[in-house]
Structures are given as structure tokens and as C-alpha cells.
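# Need the 3D shape of this:
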Amino acid sequence: MTQVLFRESLAEDGEAAICAEYFNVVTRRRDLQPNLVIGRYSVLPYYRELEDDIDGKLINSYAQHRWIANFDYYDAVRPYTPETWDESNFYSCNHPGPFVVKGKTNSKKFHWNETMFATDKRAAMHVACKLHEDMYLGDQGVIFRKYCPLRTYETGLYGLPFANEWRVFCYRENILSRGYYWSCASDDAKAMATWGGESLVKTLMPIVSKHVNFYVLDVAETIDGDWILIEINDGQMSGLSENDPNILYSNLARYV
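As a prediction, the model looks like this:
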């Protein structure tokens, strides 16, 4: 039976109990059996060590996880996501701005207009310096993404746009569940959100599933009505973002 190594401290209230309706949930490595293991919120920060220590097999190998965490997926999905530069080639960027500046995996989006959004290249470098002062983010390496205006329903603190963005959990080429990304948005903003990313997700799954098994696609609608990929995340460490855990875990149990 597939097991879930669950770290409840990072989960939403009640999520672990719902997960336990579909999987054998354990909270200690020593209780794991030599089966397939889903490390829900529990694979970091010692992913490689976890993979080496357990008798079972993680749903995503360490190499698969690094394909996401290192932003190695960019070349595979380049036509569907904003143009991006890293610190080795940003000097050659001809785009004048604006930019979204973030770590390869994580961002400081909740201080949007101070530590993520930059109007031009000079401002982008200033934001990058701030991110390098953050021990966690700076170690990831910084990337610079061409800012793409999205259909937005509300603006939060520090100018953070609550856009028509959705989180889609996938296993290989199967959609498990989807939910509006911005859990912190108002009920009015959530009510205005409309799903239209099915075609993009179905295009991306055969590409991404060649490299990783359990993953999240964050997709959003532009102001022109097109849908783009915002980023890919490891499904083991991704928060629910309005996904129904009953739908997510029941479908995951069905496919694994």
C-alpha cells in the first residue's frame, strides 16, 4: 500500500485526516514500509538523505525533484511560460522591463513591489541583491522573468495582484484536482475567478511527465485572454491553494 509521510505542521487543518482516508499516513520515517512513499510536506530540507534512508521509493526521485527546484524545466516549457534569464545571462537581456524577480523555486511575493516586481533592469538587479540577503532564497539562485500582465481581480498588500491563477495537481498525464491559487484573496475575488486553462494543462502534462511523476502546474490568464504557465512545483511540497483535498487524495490513490 502506498504510504504518505506527512508533516502536519505545514499542512492545512484537517488535511492529514482526509489524506488518511485514502492512504496509510505515517509521521515518522521509522514507520515506513518498503512501499511507494509520498513525502507530503516532508521531503525537505533533506530530500537526498530521505531517499537514501528509506527502504521504499519516493513518488518523485531526488533527480526529478531537482529538475523542478533548479528551474531545469524551463527549456522544456519555454513556449508556454514567460521568457526568463538567470544571473549568468541577464546581462544579455534586451527586454527593458518590467520583470518578476524570484528564487528558482520560491519567491517573496507577499512583498510584491519591494522584493519581486521590478520596473526595469536596474531595479531588477536591486531586487536580486535583496533576495541574496535571504539565506533561503539566495541559495536557490535568482531568476529574472519577463513580467506578463494577468487578468486581476484584486490587489493585496504591497501591490500584490490576485490574478485569475489556478493550481493544478497532476500525476503523470492525469489531472488530479484544481483550485484557485490565491487562498488569501477575498471571497469576491474568488467568485470572479473562472477556469479556462484545460487546454494548456493537457498540452503541458505529456511534456512534464517525462521528467517528474507528481507535480503542480500553476497557470494563469493574461489580460489578453491567453493562458500561460507561471511555474511548476513538486506535488509533495505544494500547498492546496483551494484544491479540495478529498478530490486530490482520492484521485491520487486511484492513479498510483
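
# ok, how many other residues are close to residue 128?
Using other CB atoms under 10 Å, residue 128 has 21 neighbouring residues. Glycine gets a C-beta too; all of them are placed from N, C-alpha and C.

# Check for me that it belongs to a strand.
No. With DSSP: H, G, I helix; E, B strand; the rest coil as the criterion, residue 128 is located in helix rather than a strand.

# And it, how far from residue 144?
7 Å (CB to CB, to the nearest Å).

# All the strands of the stretch 1-150 of the chain, residue numbers only.
Counting by DSSP state E, counting those that start in this stretch, the stretch 1-150 of the chain has strands at residues 3-5, 24-26, 36-38, 57-58, 84-86, 99-103, 117-118, 142-146.

# Please produce CSV containing these, extended by distance to residue 199.
Output for the strands of the stretch 1-150 of the chain, formatted as CSV (distance: least, CB to CB, whole Å):
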stretch, distance to residue 199
strand 3-5, 31
strand 24-26, 35
strand 36-38, 28
strand 57-58, 31
strand 84-86, 22
strand 99-103, 24
strand 117-118, 28
strand 142-146, 22
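
# Using TSV, please lay out those strands together with distance to residue 74 and mean pLDDT.
TSV is the format used below for these (distance: least, CB to CB, whole Å; pLDDT from 0 to 100):
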stretch	distance to residue 74	mean pLDDT
strand 3-5	29	97
strand 24-26	34	96
strand 36-38	26	97
strand 57-58	23	96
strand 84-86	6	97
strand 99-103	13	96
strand 117-118	19	98
strand 142-146	8	97
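
# Tell me which of those strands sits nearest to residue 233.
Residue 233 lies closest, by CB to CB, to one member of the strands of the stretch 1-150 of the chain: strand 99-103, at 12.4 Å.

# if we can go back for a sec, to residue 203, which of the strands of the stretch 1-150 of the chain lies closest?
Judging those by CB to CB, what sits closest to residue 203 is strand 84-86, at 18.8 Å.

# For the closest one, buried residues please.
Counting neighbours by 16 or more other CB atoms under 10 Å, one finds that the buried residues in strand 84-86 are 84-85.

# partners of it, with directions?
Here strand 84-86 has these sheet partners by DSSP bridges: strand 142-146 (antiparallel).

# where do the contact lists of residue 128 and residue 144 overlap?
Residues touching both residue 128 and residue 144 (CB atoms under 8 Å, 6 or more residues apart in numbering): residue 101.

# so residue 86 touches residue 144, yeah?
Yes. With contact defined as CB atoms under 8 Å, residue 86 reaches residue 144; the gap is 7.3 Å.

# Quick one: neighbours of the closest residue to residue 249 other than its chain neighbours, just the number.
Excluding its sequence neighbours, the residue lying closest to residue 249 (CB to CB, 6 or more residues apart in numbering) is residue 22, at 4.4 Å. Using other CB under 10 Å, residue 22 is surrounded by 19 other residues.

# For residue 22, give me its contacts.
Residue 22 is in contact with 249-250, 252-253, counting by CB under 8 Å, 6+ apart.
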